[in-house]
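Visitor: below is the sequence, then the predicted model.
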Amino acid sequence: MVPVIVGSGLAGLSLALALAPRPVLVVTTQGPGQTTSSVLAQGGLAAALGTDDSPAQHANDTLRAGAGLCDPEAVARFTRLGPRVVQTLESWGARFDRDSYGQHVLSLEGAHSVRRVAHVRGDSTGAALTEALVHRAAATPSVRFLTGARAVAIRTEGEHVTGLDVLHEGRRQRLGTDTVILATGGAGALWESTTNPAGSWGAGLALAAGVGAVLRNLEFMQFHPTALAVPRRAERPLISEALRGEGAFLVNNLGEAFMADVPGRDLAPRDVVASAIHRQIHSGRRVALDARGLTDFAQRFPTVARLCAEEGLDPARDLLPVEPTAHYHMGGIEVDGAGRTSVPGLWACGEVACTGLHGANRLASNSLLEAVAMGLLAADALSESGNAPSAPWPVEDSATEAPAPESTVPDDPTSLPDPAPLQAIMTRHVGLVRSESGLREAIRLLQPLAIQDPRAQVGLLIATAALARRESRGAHIREDAPV
């Protein structure tokens, strides 16, 4: 049968292209690549491309940032794949930035020991890569898109996947398949302030939980240290870590460069920087990024320059107000090295999956590496084990089927309750700094909401996992359990 991919960000698109010429159906709520976190990624893609670098060095940096929870085998696998990922993306039409000698232009980001982050069109890497892959997919006959469709339930018989229910054009339909790959992104939209699109609330986690898939490390949500602090916007514009790699630094409203005494300073791991900023804000101070010393700002960082201009800020003249914001979910559906979950026939790749690469704190720009690499690895495994499809694009109306199973995602997403109460609970009690009493209160408040709202179900899973981890580690900071 034809594999069905849910999601059209970089992970889903990479898998679809890597499977060619095997037919694949990509289910997406909007057009291919639209409203995904992938298009918002600024920093770039981490890979050992420089003469002063190696996959082993990249692995060591990843392990240090992950605060003891990375899977060393997974880390070694992904860092070895870095150069292949870049080569593959270039073969699909991506044009990584190169200097006049033809060498990749690499930037330095937090917790990296060398310049390792490759870019496409400066700080527009995610958008540029997605654009290239969407264009490639449109020209690939084996890739078909079902747009305007929302996955609402995974069907199983016994323990094995037998199909996917989607809501499409007002009707619930069944896609008959024995292989469903979730590439649905993260869960940042569960919080009041996030860099994620509104649809990134953990729908893939809800779908996987509905069929009993093992979930792992759900408590680890990375809060990016430097989102532009513009309260009137729910989706916070990201201020790329690459600015700090080029010399920008953090200051408080007293003019103090408060990261000066922290190991790693402004380029410490993200959990360290976010925690330091939180302490400043909690003590009543304001925090800003001073990028006034950076030259050719608009040419080097066009996305950040545009975002600042929209808020009336000039990085050459103004300090840029920043705050930590929900950014990347390091936990997810537990998968093996090829993306298989604990449910036969169900696979996952990208942010929705927990591969063991990120541990308790993701190393900057490892996310795009993981998304594309998982697409390649899953495609290799599916190609080795899969048979030719018995019929292309099997789509059946649910009216011809037995009654649909109870869905973990509502048929009509417009019927969902107002997310504001849920987001307020997650922000207050399951935010950057947590406590036992706060997490217990979150669980108490989320339980009645979870009866009607699958978003609250995911929030409840995260809060429960956070309560169970009685320590501070990486992005999971417990004020009642100091490091």
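Guide: Happy to help now that I have it. Numbering: from 1, shown residues only.
Visitor: least confident secondary structure element in this structure?
Guide: Sorted by mean pLDDT, DSSP states H and E, the helices and strands of the chain end with strand 395-397, the least confident at a mean of 38.
Visitor: downstream of it, the next helix or strand is which one?
Guide: Using DSSP states H and E, the helix or strand that follows strand 395-397 towards the C-terminus is helix 420-429.
Visitor: Asn252 bridge partners, please.
Guide: Val287 (DSSP bridges).
Visitor: and stretch 84-101, what's buried?
Guide: Using 16 or more other Cβ atoms under 10 Å as the test for burial, stretch 84-101 gives 85-86, 88-89, 92, 94, 96-97. (Glycine included, C-beta is placed from N, CA and C.)
Visitor: ok, stretch 138-149 next?
Guide: 140, 143, 145-146, 149.
Visitor: okay if I get these as JSON lines plus pLDDT and distance to Ala379?
Guide: Listed next are those as JSON lines, based on pLDDT from 0 to 100; distance: Cβ to Cβ, whole Å:
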{"residue": "Thr140", "pLDDT": "97", "distance to Ala379": "13"}
{"residue": "Val143", "pLDDT": "97", "distance to Ala379": "12"}
{"residue": "Phe145", "pLDDT": "96", "distance to Ala379": "17"}
{"residue": "Leu146", "pLDDT": "96", "distance to Ala379": "19"}
{"residue": "Ala149", "pLDDT": "94", "distance to Ala379": "22"}
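Visitor: return the subset of these lying in strands.
Guide: Using DSSP state E to define strands, the subset of these located there is 143, 145-146, 149.
Visitor: which of these sits closest to Ala74?
Guide: Val143 (27.5 Å; Cβ to Cβ).
Visitor: going by distance to Val114, which of the buried residues of stretch 84-101 wins?
Guide: Val86 (15.9 Å).
Visitor: how about the contacts made by the closest one?
Guide: 45, 47, 49, 96, 104, 118 (Cβ atoms under 8 Å, 6 or more residues apart in numbering).
Visitor: nearest to Arg455 among those?
Guide: Among those, and counting by Cβ to Cβ, the member closest to Arg455 is Leu45, at 29.9 Å.
Visitor: how near is the closest one to Arg84?
Guide: In this view, Leu45 and Arg84 are 12 Å apart by Cβ to Cβ, to the nearest Å.
Visitor: for Arg317, same thing?
Guide: From Arg317 over to Arg84 (counting by Cβ to Cβ), the distance is 43 Å.
Visitor: ok, now Ala348?
Guide: In terms of Cβ to Cβ, Ala348 sits 21 Å off from Arg84.
Visitor: outline the domain layout of this protein.
Guide: 4-220+330-400, 229-326, 416-478 (automatic domain parsing).
Visitor: and among these, the most buried is which?
Guide: Each of the domains of the chain was scored by mean neighbour count; the highest is domain 4-220+330-400, a mean of 21, by mean count of other Cβ atoms under 10 Å.
Visitor: where's that domain relative to the chain centroid, distance-wise?
Guide: 9 Å (Cα atoms, centre = their mean, to the nearest Å).
Visitor: so where is the stretch 301-450 of the chain shaky, pLDDT-wise?
Guide: 386-415 (pLDDT under 70).
Visitor: show me what the mean pLDDT comes to for stretch 473-483.
Guide: The average pLDDT for stretch 473-483 rounds to 90.
Visitor: then it to CSV, C-alphas only?
Guide: The C-alpha trace of stretch 473-483 is given here as CSV (Å, rounded to 0.1, in the frame of the first residue of the first chain):
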residue,chain,number,x,y,z
ARG,A,473,18.1,19.0,33.9
GLY,A,474,18.6,21.0,30.7
ALA,A,475,15.5,22.8,29.6
HIS,A,476,13.5,21.2,32.5
ILE,A,477,14.1,23.6,35.4
ARG,A,478,12.6,22.8,38.8
GLU,A,479,12.9,25.6,41.4
ASP,A,480,12.3,23.0,44.0
ALA,A,481,15.1,20.8,42.7
PRO,A,482,18.2,22.9,42.1
VAL,A,483,20.9,21.6,39.8
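Visitor: and the closest residue to Ala56 other than its chain neighbours, what does it touch?
Guide: Once flanking residues are discounted, Ala56 sits nearest to Thr79: 7.5 Å by Cβ to Cβ, 6 or more residues apart in numbering. Taking Cβ under 8 Å, 6+ apart as the contact definition, Thr79 lies against 48, 55-56, 58-59, 62.
Visitor: mind running it again at 10 Å?
Guide: 46-48, 54-63, 116, 357, 363, 366, 369, 373 (Cβ atoms under 10 Å, 6 or more residues apart in numbering).
Visitor: A helix includes it, no?
Guide: Yes - assigned with DSSP: H, G, I helix; E, B strand; the rest coil, Thr79 falls within a helix.
Visitor: name the SS class of Pro344, please.
Guide: coil.
Visitor: how much space is there between it and Gln299?
Guide: Pro344 is 51 Å from Gln299, by Cβ to Cβ.
Visitor: repeat that for Leu108.
Guide: With Cβ to Cβ as the criterion, Leu108 and Gln299 are 18 Å apart.
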